[in-house]
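Undergrad: Can you look at this prediction? I've put the sequence above it.
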Amino acid sequence: MKIHYSFFLFFTLLLIPLGANEPLISRKKAPLSVALPLLKSIEHYAIIVGNGPIHMYAFIDPVCPRSREFVEMVLENKKMQKSYTYYFFYVELTRFHTNNIIGTIYTEKDPFSMMKKVMVDKSEVPILKEFTSDIQIEMNDISSVARELHIDKRPYLFVVKPKKGDN
Amino acid sequence: MYYDTPSVGKYIGFLKKNRIYIMLLNLIFALGAFSLIDSTLFSSDEGVWLQDSLELKRIQSKDLESLHVTKVSLNVANFDADAIKTFKNLEKSLNAFNAVSQVTSLLSQKHFYNDKYVKDSQLLKVIETDVLNDEELVDFIKSFSTFYTSFVDMDRKKFILYVFTKDSFHLNDLKSRFDIDIEQLSSADDKWEFLIFALIAAFIIMVLFSLTFKSFAASITAVSIIGLTLLFSIAAVQVFMPGISIHIAMSLIIVSISLLDYLYFYYRWHVSQYNSNPSHALMKCLDRNLKPAFWTTIITVAGLAPLLFIDSNVINVLCLSAIFASMIAYILNITLLPAMLSYFRIDHPKVSYGRYCYYFANKELHYKRNYMFIFVFISVIIITFVGYTFLTDANRFISNHNSHNAISFEVMYKDLDTSTIEALYRLENILQRKFDSVEHIESISTTVDKLLDIKKSNLPMDETSLQEALFFINMYGLDVKLIKEKSLPVTIMLSADSKQKADILKWLSTYTVLDLYFSDIDTLVSMVKMKNSQVLLLTVLTAVLIIALFMGLIFRNFYMVVVAFLASTIPMAWFSFAMYMLNLPFSLEVLIAMIISLGLASDATIHFAYKYWRARFYGRTKKHSLEIVFFYGAVPVIIGSLVLAVTFYALSFSSALTLQLIGQYSSVLILISLAVDLFILPVLLLVTDKYLQESIRNIKE
């Protein structure tokens, strides 16, 4: 474990200067004026965690290690669930071929529990191969918004702080 | 006038008859004074300064918390695993103190990065330095030392820790376990430490007086007179200014005034027994000192009384203590001291180094006129230069280096949005451009900048990016120290050799774009000290002028104004000039030391001039008059100055930085002042001799 961490640190230290010219948080995102209506349009498909005043829209992939790490951090951190309301949307990262897993999660009566099982507990779950048209529409709608917003990373985050007076 | 000899025969008879009652009365007064003193109002540092702090009142009005910041530097041989172990142990020990609310060091840093080799993730990650093992932390330091220069000094091989505490407290216990340097402006009021210093001072005085005079009469009477003056003066100040904290430095002023006053009386009594009986010696002790000692008291009162009208408790307390000390010491020296001395007899009154006085007198009698004028000319240039520089460039002169190199303040905010972060970013940006010694700023905006690279992205900031940055700041727990409910804490760390703290404070206090509140006690104290330094410098200058004018009045001669002015300003001007050339800032501690030296210089000038003019009036030759000055005036000044220099130097071992500095500066200034008294003042008196002769002729006519 120690050796593993040392290697990790070594590579991290080595690679950080390579990216030194880029800000850690990229600004190359769709402006909120464009993104927010689209996000709102699919909000009802989201798996919602937390009840904080600030909204976070997170596009994740169920087997992507960073997405899993992110979901785990959110679920572990109760304080952050009070400050933020998380809207999780599943969008496949093509190299992982996770469409069926995504469909399986959305098909579940309790997608949140399924999300936890797959991403945090990393349990093996029976994967469906066919989905109802509703689920298909849901996945297509999310994918189409993701395409429009040029979502190329997982997790891909939009943090929206409602202005005073907004619901 | 100086040529009159007061008749004290009857008075001494009265004193001798009632000596037991006089001593008892003083004992009763002492008990009364002791019961009057409120020891809780006796403070070593911050409590005294903060009562003048408008900034503190502003903080309190906003319900903000004020904290103490102590800078701790851990010296290590190398940045290796062993050093890291010691560093971690030190951090752990510091955090174990209940009073410590936060320690900022390399171990509290969170280094953000994102996996550039995994290009398809927006998840930001952090290296939390406190979870790295020793070897990993060594690697981290090697790779990132340039980012953390405020916490790791690679050149001096130091780890730097900033300890935030709610109350002031001592960290000195850690010194036995770790090789650390502690920079702590304010320290807890350690009454025990003060008591120990008072006892050590009393012990030093007793030992040095016993050795010098080879008699217990000196040590017993000295400690009684000085101790009672201290006690009565403190009680009197507390009666006149109830509820006001009193600075411990006040006791140094009282001790120095009373010790020298006492010595003139005691010394005359001691040496007069060489060729007369103790009773006659007592008479000489009084009739030769009653007038000059009275004038020194009048000068102290007149010089400092106008300053009581300045709206500053600190300055009022310092002035009042000097005034009371001078008056009380005078009263005790003419009542209790003769009463006590009447019990003693000196069998061997010879003061062994008295013969050096004749050597000095002879040498100075044949002074080289040219050298003298060159020295006075250079001194006048220096006095003018110091005065001019102060008037035109006070900032260069007045600052406060008596503090660590950190400034903490809080910025009030309504909404944590782009405008707030941008405004704070702009402030920090200006600070960094204006002051090159700003090494690191810890705040929400610098952390956001690390994530967004505000400069490259250009302002205005993007609200979405900011919210994303804030998300990660919250997620990794950085919000605990960077975001408060109503305010955003900012800590500025300056380079170790920075001399810009005072300028930064001045600049920040005039910055109106943001609602700023200085939150660390040490900065608040620094600000009050800076404000008071200017007033106190004017105080010293005013006192010099008043003293010089009074000297002219007392001796009815304009040239005595010049002599008094030069004798009291030369030590201070040369000292200030040396500090200026060495680029040392002019702190309040220097000014307190100057007040002490000014008091001693004015006393010496009066006693020297009185003795010289009196001897010349009664027809003594210049040589004989100078010998009298040296024998009866210079010896007590030498003894007194050396005893004070040693006693004050002992303060260098105090845990409070202010006291250490006052002790060191006072010792140096007292010694410079002594050199001027011995080598310059007698020569100045010789220069004035021809004007004195005119004056004597007029009086006799």
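TA: In hand now; what should we look at? Numbers count the residues shown, from 1 in each chain, chains lettered A, B, ... in the order given.
Undergrad: contacts and neighbour counts: CA atoms only from here.
TA: Fine.
Undergrad: which residues are contacting the helix or strand hosting B:L231?
TA: Element membership for B:L231 (DSSP states H and E) is helix B:216-240. Applying Cα atoms under 8 Å, 6 or more residues apart in numbering or on different chains, the set of residues contacting helix B:216-240 from outside is B:30, B:33-34, B:36-38, B:202, B:205-207, B:209-210, B:244, B:251, B:254-255, B:258-259, B:262, B:266, B:317, B:320-321, B:324-325, B:328-329, B:332-333, B:336-337, B:340-341, B:344.
Undergrad: quick one: the helix or strand hosting B:I200 to helix B:216-240, angle?
TA: Assigned by DSSP H and E, B:I200 belongs to helix B:191-213. Computed with axes from the mean of the first three to the mean of the last three Cα atoms, to 10 degrees, the direction of helix B:191-213 lies at 140 degrees from that of helix B:216-240.
Undergrad: tell me which residues in helix B:191-213 are buried?
TA: If you call a residue buried by 16 or more other Cα atoms under 10 Å in any protein chain shown, then helix B:191-213 has these buried ones: B:F194, B:F197, B:A201, B:A202, B:I204, B:I205, B:M206, B:V207, B:L208, B:F209, B:S210, B:F213.
Undergrad: okay, now B:E468: neighbour count?
TA: Using other Cα atoms under 10 Å in any protein chain shown, B:E468 has 23 other residues around it.
Undergrad: The one 4 residues further on too?
TA: Residue crowding around B:F472 was assessed by other Cα under 10 Å; the count is 19.
Undergrad: separation between it and B:K450?
TA: 12 Å (Cα to Cα, to the nearest Å).
Undergrad: what does B:I383 give?
TA: The gap separating B:I383 from B:K450 is 51 Å, by Cα to Cα.
Undergrad: Between these two, which has more neighbouring residues?
TA: B:I383 (21 against 17).
Undergrad: For the host helix or strand of the more buried one, enumerate the helices and strands it packs against.
TA: Per DSSP H and E: B:I383 is located in helix B:369-392. Using 3 or more Cα pairs under 8 Å, 6 or more residues apart in numbering or on different chains; DSSP states H and E as the contact test, the elements touching helix B:369-392 are helix B:558-581.
Undergrad: and the next element down the chain from the helix it packs on?
TA: According to DSSP H and E, the helix or strand after helix B:558-581 is helix B:588-617.
Undergrad: Got phi/psi on A:H55?
TA: For A:H55, the backbone dihedrals are phi -100, psi 130 (criterion: degrees, to the nearest 10).
Undergrad: mind listing what's buried in the helix holding B:I383?
TA: Buried residues in helix B:369-392 (16+ other Cα under 10 Å): B:V376, B:S379, B:V380, B:I382, B:I383, B:V386, B:F390.
Undergrad: Could you do stretch B:138-156 as well?
TA: Across stretch B:138-156, burial judged by 16+ other Cα under 10 Å covers B:V138, B:D139, B:F140, B:I141, B:S145, B:Y148, B:T149, B:S150, B:F151, B:V152, B:D153, B:M154.
Undergrad: what mean pLDDT would you report for the helix or strand where the third one lies?
TA: In this structure, B:F140 sits in helix B:134-144 according to DSSP H and E. Model confidence over helix B:134-144 averages 88 on the pLDDT scale.
Undergrad: That helix and chain A in contact?
TA: Yes - applying Cα under 8 Å from any Cα of the partner chain, one finds helix B:134-144 touching chain A at B:E136, B:F140, B:S143.
Undergrad: any idea whether B:Y274 is helix, strand or coil?
TA: Classification of B:Y274 using DSSP: H, G, I helix; E, B strand; the rest coil returns coil.
Undergrad: Contact partners for it?
TA: Counting by Cα under 8 Å, 6+ apart, B:Y274 makes contact with B:H348, B:P349, B:K350.
Undergrad: ok so, going back, what two of the buried residues of stretch B:138-156 are the furthest from one another?
TA: The span of the buried residues of stretch B:138-156, defined through Cα to Cα, is set by B:D139 and B:S150 at 17.7 Å.
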